[in-house]
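A.B. asks: Curious how this folds, go ahead:
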Amino acid sequence: GDVYKRQVREHVEAAVTQFSVGRSAQVGGKKDRHLITGKTLVQKGAYAKGLEALDIAIQVNPDSYEAHFWRGRALVKTGRVDDAIAAFETAIKLNPRYSYAYDNLGWIHIRRSEYDISLDYLNRSLALRPENGWAFYNRGRIHFQSGRREKALQDTETACRLGFGKACQVLKRYHRETQS
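C.D. replies: The predicted model follows:
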C-alpha cells in the first residue's frame, strides 16, 4: 500500500518535472518553467507543491496572469478561498480578457450564496466567451434558485445546446419543477 503510493508519487513527480522542463524550452525558457510545473502539479492534485512552484513563477514573472490564476485554483483546493479570490482578481487585473478567472470567481460566489456577485462575474465571462456552456449552466442555476424560472430555462437550454452535458440533465428537472 504505502510503498506503492510512494512509488506512484515519485513516478508522477519525475514525469511532471521531465514534462515541465521539456515544455519550458518550447514555451519561453526558464521564465515559464515554474508556471508549467505548478499548473501541472495543481492539475494532478499536488496542490502544496503546485503552490510552491507557482509562488516562484510569480517571483520570476509577477505579471503572469496564468500563474496567479493557477495559484487561485490551488488555493481553492486547499481551502484558502479568500486568498484564491485575491489571486483570481490579480489575474483579471493583469489580463481583463481572461474569462477563466471570472468563471472561478463566479463559482466561488455561488458556493457562498452571493448570487448577485456571482452573476456579475459569470456575465463578464460570457461577454468574453459566449460559447461558455459552463457559465450559462451556472447562471441558470442562480436564476432557478432565485425563482427566475424562465431565465433559468433559457440559460440551461443554451448550456445544453453548447454541449455542457450536465445542463441537459438538469434541464429536464427544471421543466418538471416549472410545470408543477
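
A.B. asks: hey, let's count contacts and neighbours off CA atoms from now on
C.D. replies: OK.

A.B. asks: where do the strands sit along this structure?
C.D. replies: Read by DSSP state E, the chain holds no strands at all.

A.B. asks: now the helices for it?
C.D. replies: Listed in chain order, the helices of the chain (DSSP state H) span 2-27, 30-43, 47-60, 65-77, 81-94, 99-111, 115-128, 133-145, 149-161, 165-179.

A.B. asks: Output those helices as a markdown table; include the columns mean neighbour count and mean pLDDT.
C.D. replies: Converted to a markdown table, the helices of the chain look like this (neighbours: other Cα atoms under 10 Å; pLDDT from 0 to 100):
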| stretch | mean neighbour count | mean pLDDT |
| --- | --- | --- |
| helix 2-27 | 13 | 51 |
| helix 30-43 | 23 | 92 |
| helix 47-60 | 21 | 97 |
| helix 65-77 | 25 | 98 |
| helix 81-94 | 20 | 98 |
| helix 99-111 | 22 | 97 |
| helix 115-128 | 20 | 98 |
| helix 133-145 | 24 | 97 |
| helix 149-161 | 21 | 96 |
| helix 165-179 | 15 | 91 |
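
A.B. asks: ok, the nearest residue to Leu171 once chain neighbours are set aside to Phe136 distance?
C.D. replies: In space, and not counting its chain neighbours, Leu171 is closest to Thr156: 6.1 Å by Cα to Cα, 6 or more residues apart in numbering. Remark: distance between Thr156 and Phe136 (Cα to Cα, to the nearest Å) = 6 Å.

A.B. asks: how close does the spatially most central residue of the chain sit to Tyr121?
C.D. replies: For the chain, Asn104 is the residue whose C-alpha lies nearest the centre (Cα atoms, centre = their mean; 4.7 Å). Applying Cα to Cα, the value for Asn104 to Tyr121 is 9 Å.

A.B. asks: Ok, Thr178 next?
C.D. replies: In this view, Thr178 and Tyr121 are 26 Å apart by Cα to Cα.

A.B. asks: likewise Trp107?
C.D. replies: Distance, Trp107 to Tyr121, by Cα to Cα: 9 Å.

A.B. asks: The residue nearest to Leu171 reaches Ile142, doesn't it?
C.D. replies: No. The pair Thr156 / Ile142 is not scored as a contact, 10.6 Å apart, by Cα atoms under 8 Å.

A.B. asks: I'd like to know how many residues surround Ser146.
C.D. replies: 11 (other Cα atoms under 10 Å).

A.B. asks: With Arg33 as the reference, measure out to it.
C.D. replies: 44 Å.
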